[in-house]
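Novice: Sequence first, then the predicted structure, then my questions.
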Amino acid sequence: MAIMPDRFEPFENSDAAASALADAVAQTLRGALATRRRASVIVSGGSTPEPVYRRLSVTNLDWARIDVVLADERWVAAGEEGSNADFIRRTLLTGNAADAAFTELKSPGARPADGLQAGEARLSALNWPADCAILGMGDDGHTLSWFPRADGLEDALSADGSLCAAISARPSPVTGPLTERITLTLRALEGVKLCALLIRGSAKRAALEKARLPGPARDMPVRALLNHPSLDLQIFWSP
Ligand SMILES: O=C(O)[C@H](O)[C@@H](O)[C@H](O)[C@H](O)COP(=O)(O)O
């Protein structure tokens, strides 16, 4: 099948990119709420999207009808170092957006595999496809918790399996010490209306160009998005 070309939008600075993405997400959610009871947005950790979340948190939307769904999580509980859920609570789920329903990925259990069933049950209760996804990318070509050559990556990139997968990443400067993770799968992104990849800086631009070259997704898992036959990926880049 032919590859759906992505749309690359360069912005002058990170503020302009954040503001354009927050506007696009708000508009998509508003449009969805005009015809459906609930709308949803998938959100990532990482430092880049914080200004997007801060903007959205003060945006006037019917947040009580919006599901905020975590894209991926380190296997740590709320209150522990590295919790993406805490980051989202702090940056997005305040102000107007405090009324949103939040679907987290951490469940009880010693390892991500122990929490897969519970995570899947929570995710299955939501409406799919989601309306928006705000994704990031690392210099190593990972996105969500799809780390290069990680254990569990095949499950995560399978388009017809579960909505979440357990990941054990190979330790690297990008992963840091917390390599046990749970992530949404490629299947969870199928059909998302606004699928946005927000990246900043020349190293990420270079990584993106490298990922565009032919090669296996296991080396640069962002390729699963770039080479997807029907995903309409929008890349918001700023220097
Ligand atoms: O849990 C996470 O760390 C993220 O979901 C991850 O996929 C992130 O989006 C990238 O690592 C980019 O992170 P930065 O924005 O900090 O570069």
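Specialist: That came through fine.
Novice: Which strands and helices lie in contact with the helix of greatest length in the chain?
Specialist: Of all the elements of type helix in the chain, the one with the most residues (DSSP state H) is helix 14-35. Taking 3 or more Cβ pairs under 8 Å, 6 or more residues apart in numbering; DSSP states H and E as contact, the helices and strands that helix 14-35 lies on are strand 39-43, helix 50-57, strand 132-135, strand 194-200, strand 233-238. Just so you know, the C-beta spots here come from the backbone N, C-alpha and C atoms, and that holds for glycine as well.
Novice: Show me the one of those that comes nearest residue 177.
Specialist: Distances from residue 177 to each of those were compared using Cβ to Cβ; the minimum, 22.0 Å, belongs to helix 50-57.
Novice: Please pull out the lowest mean pLDDT helix or strand from the chain.
Specialist: Across the helices and strands of the chain, mean confidence by mean pLDDT, DSSP states H and E is lowest for strand 7-10: a mean of 94.
Novice: What are the buried residues along that one?
Specialist: Within strand 7-10, not a single residue qualifies as buried, counting by 16 or more other Cβ atoms under 10 Å.
Novice: Equivalent analysis for stretch 105-120, please.
Specialist: Per 16+ other Cβ under 10 Å, stretch 105-120 contains these buried residues: 105-107, 109, 112-113, 115-116, 119-120.
Novice: Same question for stretch 51-62.
Specialist: Residues 51-57, 59, 61 are the ones in stretch 51-62 that count as buried (16+ other Cβ under 10 Å).
Novice: quick one, what contacts residue 94?
Specialist: When contacts are counted by Cβ atoms under 8 Å, 6 or more residues apart in numbering, residue 94 touches residue 57.
Novice: Specify which member of the buried residues of stretch 105-120 is nearest to the ligand.
Specialist: Of all these, the one sitting nearest the ligand is residue 105; the distance, using Cβ to the nearest ligand atom, is 10.3 Å.
Novice: Run through the residues that contact that closest one.
Specialist: 70, 72-73, 85, 115, 119, 164, 182-184.
Novice: Also residue 149?
Specialist: So, once contact is read as Cβ under 8 Å, 6+ apart, residue 149 ends up touching 170, 218-219.
Novice: What does it show for phi and psi?
Specialist: phi 60, psi 30 (degrees, to the nearest 10).
Novice: For the chain, what lies in contact range of the ligand?
Specialist: Where the chain comes near the ligand, counting by Cβ under 6 Å from any ligand atom, the residues are 44-48, 71-72, 84, 136-138, 142-144.
Novice: Let me see the ranges of the strands in this structure.
Specialist: Remark: strands assigned in the chain by DSSP state E are 7-10, 39-43, 66-70, 72-74, 101-103, 132-135, 164-168, 180-184, 194-200, 233-238.
Novice: what's the third one in contact with?
Specialist: Read it as strand 66-70. Under the criterion Cβ under 8 Å, 6+ apart, residues 29, 33, 38-43, 84-85, 88, 92-93, 97, 100-105, 123, 126-127, 130, 184 lie in contact with strand 66-70.
Novice: Many thanks, we can stop here.
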